[in-house]
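A.B. asks: Mind looking at a prediction? Sequence and model below.
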Amino acid sequence: MKKILLAAGVFLLALNISFSLVYNYRLNEILSQPQSVFNGISDSITVRKHPPIGENFILWGLSFLPVKQFRSYEFLNFRRAFRGGSGRCSQNALLVSGAYDYMGYETDIIALGGHVVAAVDGKIMDAGFETVLPFDIDYASKHLDEVAAAYRKAGVNEKTAERIGRLYAFPNKTYESNFAYRPKLYLFMQAVYFLKWVLPLLFTGFGLALPEGRRFPRNHALSRLAQRLVFKPVRSVGVLTHAAAVVFFVILVIALEPDNL
């Protein structure tokens, strides 16, 4: 059990950090060139049936369950969307909106009648179709021919361009933030990403603390430490000490969340 816990903890920590560093490096390269951010994001979109195991092993495992909500995720954080997005129109809009908001632009998420796009400083951006409309949603809803023409100019076929253009005539809803777009999903994602770091750290910690036959005798320093800090916390070091340790651990895990790398 000791070796299994240690191996699992170290493997998951290494997977989390390496995957995040690689994709964050690519995203930072895109963000470093403001004039071509939209094209860089559009070119990087990948359609996925499952979130990558390196992005979040918990979400990856849940995606194999026969539950619709677990099979098609929307990452509300733009860095997470870049690393593990599904390629859906709503996911693309969240990615574009989040990236430009990070750079200081005024952004919104616009839900149309069956389609989702991003608004950036008065322009509509549809990364899935690599199309930028040089006007806002109010103008677009009244000039559907210009909307369809913009999609055709971006390389969208005639039939699809006309279909998308008609969607702009439907009543739309504008969200000023990713949290406003899906508040319950936002809270769920925060919890799952917290566990993404907590579980490997716990596996590693318990793996180090568990005794292993004669090579890890009962009176070993790590064993005694485990008894004091894990198995008999309240009696040995007190409630306040453990409360402080828990707060420190929470801060540490938040700091390690790959969005900050």
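C.D. replies: Good, I have the coordinates.
A.B. asks: Which stretches in the stretch 101-250 of the chain count as strands?
C.D. replies: Ranges of strands within the stretch 101-250 of the chain are 107-111, 116-120, 123-126, 131-133, 173-175, based on DSSP state E, counting those that start in this stretch.
A.B. asks: Pull up the pairing partners for the last one, direction included.
C.D. replies: Applying DSSP bridges, strand 173-175 is found paired with strand 107-111 (antiparallel).
A.B. asks: Now do the strand it pairs with: everything it contacts.
C.D. replies: 90, 93-94, 96-98, 100-101, 116-121, 124, 137, 172-176, 178, 181 (Cβ atoms under 8 Å, 6 or more residues apart in numbering). Every residue, glycine included, has its C-beta placed from N, CA and C.
A.B. asks: end-to-end on stretch 138-148?
C.D. replies: End-to-end distance for stretch 138-148: 15 Å, by Cα to Cα, to the nearest Å.
A.B. asks: pLDDT averaged over it - what is it?
C.D. replies: Taken as a whole, stretch 138-148 has a mean pLDDT of 93.
A.B. asks: Same check on stretch 99-108?
C.D. replies: Average pLDDT, stretch 99-108: 91.
A.B. asks: Now it: buried residues?
C.D. replies: Buried residues in stretch 99-108, counted by 16 or more other Cβ atoms under 10 Å: 99, 100, 101, 107, 108.
A.B. asks: Including distance to residue 52, could those go into CSV?
C.D. replies: As requested, these are exported to CSV (distance: Cβ to Cβ, whole Å):
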residue, distance to residue 52
99, 19
100, 24
101, 24
107, 26
108, 28
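A.B. asks: nearest to residue 18, of the residues you listed?
C.D. replies: In terms of Cβ to Cβ, no member of the buried residues of stretch 99-108 lies closer to residue 18 than residue 99, at 22.5 Å.
A.B. asks: how close does the closest one get to residue 65?
C.D. replies: 31 Å (Cβ to Cβ, to the nearest Å).
A.B. asks: From the chain's centroid, how far away is stretch 120-131?
C.D. replies: Centre-to-centre, stretch 120-131 and its host chain are 21 Å apart (Cα atoms, centre = their mean, to the nearest Å).
A.B. asks: Could you list the low-confidence segments of the stretch 51-200 of the chain?
C.D. replies: Low-confidence segments of the stretch 51-200 of the chain (pLDDT under 70): 72.
A.B. asks: ok, which stretches of it are helices?
C.D. replies: Here the stretch 51-200 of the chain has its helices, by DSSP state H, counting those that start in this stretch, at 57-62, 68-71, 78-84, 89-102, 137-142, 144-153, 158-167, 178-181, 183-209.
A.B. asks: which one of those helices lies closest to residue 44?
C.D. replies: Residue 44 sits nearest to helix 78-84 of all these, at 6.8 Å, using Cβ to Cβ.
A.B. asks: which strands and helices sit next to that closest one?
C.D. replies: With contacts taken as 3 or more Cβ pairs under 8 Å, 6 or more residues apart in numbering; DSSP states H and E, helix 78-84 sits against helix 2-31, helix 89-102.
A.B. asks: can you rerun that using 6 Å?
C.D. replies: Where contact means 3 or more Cβ pairs under 6 Å, 6 or more residues apart in numbering; DSSP states H and E, helix 78-84 is packed against helix 89-102.
A.B. asks: mind saving the C-alpha coords of the helix it packs on as PDB?
C.D. replies: Extracted as PDB, the C-alpha positions of helix 89-102 are listed here (Å, rounded to 0.1, in the frame of the first residue of the first chain):
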ATOM      1  CA  CYS A  89     -19.100  26.800 -29.700                       C
ATOM      2  CA  SER A  90     -19.800  27.800 -26.100                       C
ATOM      3  CA  GLN A  91     -16.400  26.600 -25.000                       C
ATOM      4  CA  ASN A  92     -14.700  28.500 -27.800                       C
ATOM      5  CA  ALA A  93     -16.600  31.700 -26.800                       C
ATOM      6  CA  LEU A  94     -15.500  31.200 -23.100                       C
ATOM      7  CA  LEU A  95     -11.900  30.800 -24.300                       C
ATOM      8  CA  VAL A  96     -11.900  33.900 -26.500                       C
ATOM      9  CA  SER A  97     -13.800  36.000 -23.900                       C
ATOM     10  CA  GLY A  98     -11.500  35.000 -21.100                       C
ATOM     11  CA  ALA A  99      -8.300  35.600 -23.100                       C
ATOM     12  CA  TYR A 100      -9.300  39.100 -24.100                       C
ATOM     13  CA  ASP A 101     -10.600  39.900 -20.700                       C
ATOM     14  CA  TYR A 102      -7.200  38.800 -19.300                       C
END
